[in-house]
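Enquirer: starting from these lines, generate the structure:
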Amino acid sequence: MDNMTKESEADLKSDTFGDSLVVTIWAIASIYGIVTNLMVLLAITRHRAIRHSASYWIMASLAVCDIVMLFVCLLHVIPATLWHQKFMEIANFRNIIGMFIYNVFWYSGVVQLAAMAINRFVSIIYPMTYKRVFSKQNTVLVLAFCYLLGLGVSIPALLPCCYTIYHHYLYVTMYVTEDTMYFLVDVVVNSLSLLTMSICYGAILIKVRRSHQTTRQYMTATPRRIQPSNREMRLFVQFFFVSLVFLITFVTWQWLPRISVSKWIYFVCTSLFFLNNCMNPTVYIIFNS
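Expert: The predicted structure follows:
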């Protein structure tokens, strides 16, 4: 997240048209994301086969994370953007709590994306050990660890040295203390998760490419023994796209604000988080229609 900078007086003036535009875009994205994520949860719970699949448990958990984050945006970020000081002071403790809740589920979701990458890696590269490694009990433990890690990483944001707030005039979340080292936590958690995804999905792509080459060379061989099942490949493709969107969001968030301190640059960066929450269920629905 960006460190708090010294804003000019112009930055702190309410832009009625701009605020209305931002609120409209984010409100549409939030409602769409909540509805589609609820559709994903409903589809998983109503389908007997996938309801008992550990992979879909992680998918359902990610949908829950998206829903909570979008509700925080709908009930906290968007009203603050529309009404500014009338709704909430920038340094208000309610602002800190709202961002704390958001961060808990953001970091939990990020780690779950890494866990899903490992899940796909084991499923496709080591299919014989998949059911043992990702048994129902182990999957529950993994998800519990993800939420505990998300909570543990976010708790420092409740301390004065690490306060994280939403600046409703600049359309961005930032740290109250400019020189806080807490930003390293954000970088480390997101970077390690991205590294895990890159290694796992890179290995899978190499495996799939070699499998196709082997199939072409030995046409008499049974394809089902050489290639991963269609179901496993479908899950791989959809989570690969979801991870790609997360990569774009993270990289943009880290580098785009360095180009300019314009609130519209911040708006683009923050909007990518909405896109991330909306893209996940969209991809799930497309690949699991």
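Enquirer: from here on, just use CA atoms for contacts and neighbour counts.
Expert: Noted.
Enquirer: and E89, that one's in a helix?
Expert: No. E89 is assigned coil when assessed by DSSP: H, G, I helix; E, B strand; the rest coil, not a helix.
Enquirer: name the nearest residue to it, sequence neighbours excluded.
Expert: In this structure, E89 finds its nearest non-sequential neighbour in N95, 7.8 Å apart by C-alpha to C-alpha, 6 or more residues apart in numbering.
Enquirer: wait, what's in contact with the one you found?
Expert: Contact analysis of N95 by C-alpha atoms under 8 Å, 6 or more residues apart in numbering lists 76, 88-89, 165-166.
Enquirer: among those, which ones are buried?
Expert: Buried residues within the contacts of N95, defined by neighbour count using 16 or more other C-alpha atoms under 10 Å: 76, 88, 165-166.
Enquirer: show me what contacts the residue lying closest to F87 once chain neighbours are set aside?
Expert: Counting by C-alpha to C-alpha, 6+ apart, F87 lies nearest to A80, which is 5.6 Å off, once chain neighbours are set aside. Contact partners of A80, counting by C-alpha under 8 Å, 6+ apart, are 87-88, 168.
Enquirer: hang on, A80 in a strand?
Expert: No. Under three-state DSSP, A80 falls outside any strand and is assigned helix.
Enquirer: ranges for the strands of the stretch 101-250 of the chain?
Expert: 164-167, 172-175 (DSSP state E, counting those that start in this stretch).
Enquirer: element containing the residue lying closest to M116 once chain neighbours are set aside, please.
Expert: Spatial nearest neighbour of M116, excluding adjacent residues (C-alpha to C-alpha, 6+ apart): I58 at 6.8 Å. Using DSSP states H and E, I58 sits in helix 54-72.
Enquirer: which residues does that helix contact?
Expert: Identification of contacts with helix 54-72 by C-alpha under 8 Å, 6+ apart yields 30-31, 33-34, 37-38, 40-41, 44, 50-51, 98, 101-102, 105-106, 108-109, 112-113, 116, 119, 134-136, 139, 143, 274, 277-278, 280-281.
Enquirer: put the buried members of those residues into a PyMOL selection.
Expert: To isolate the buried ones among the contacts of helix 54-72 in PyMOL, judged by 16+ other C-alpha under 10 Å, type:
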select buried, resi 30+31+33+34+37+38+40+41+44+51+98+101+102+105+106+108+109+112+113+116+119+134+136+139+143+274+277+278+280+281
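Enquirer: low pLDDT regions in the protein?
Expert: Along the chain, segments meeting pLDDT under 70 span 1-14, 211-236, 256-260, 288-289.
Enquirer: now with 50, please.
Expert: Scanning the chain for pLDDT under 50 picks out the ranges 1-11, 220-226.
Enquirer: which residues does A203 contact?
Expert: F121.
Enquirer: repeat that with 10 Å
Expert: Counting by C-alpha atoms under 10 Å, 6 or more residues apart in numbering, A203 touches 121, 124-125, 197, 209.
Enquirer: format those residues as a markdown table; extra columns: distance to L159 and neighbour count.
Expert: As requested, the contacts of A203 are exported to a markdown table (distance: C-alpha to C-alpha, whole Å; neighbours: other C-alpha atoms under 10 Å):
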| residue | distance to L159 | neighbour count |
| --- | --- | --- |
| F121 | 38 | 23 |
| I124 | 43 | 21 |
| I125 | 43 | 16 |
| M197 | 31 | 25 |
| R209 | 49 | 13 |
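Enquirer: okay if I get these as a markdown table plus distance to T180?
Expert: What follows is the contacts of A203, written out as a markdown table (distance: C-alpha to C-alpha, whole Å):
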| residue | distance to T180 |
| --- | --- |
| F121 | 36 |
| I124 | 42 |
| I125 | 41 |
| M197 | 28 |
| R209 | 45 |
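Enquirer: lovely, talk soon.
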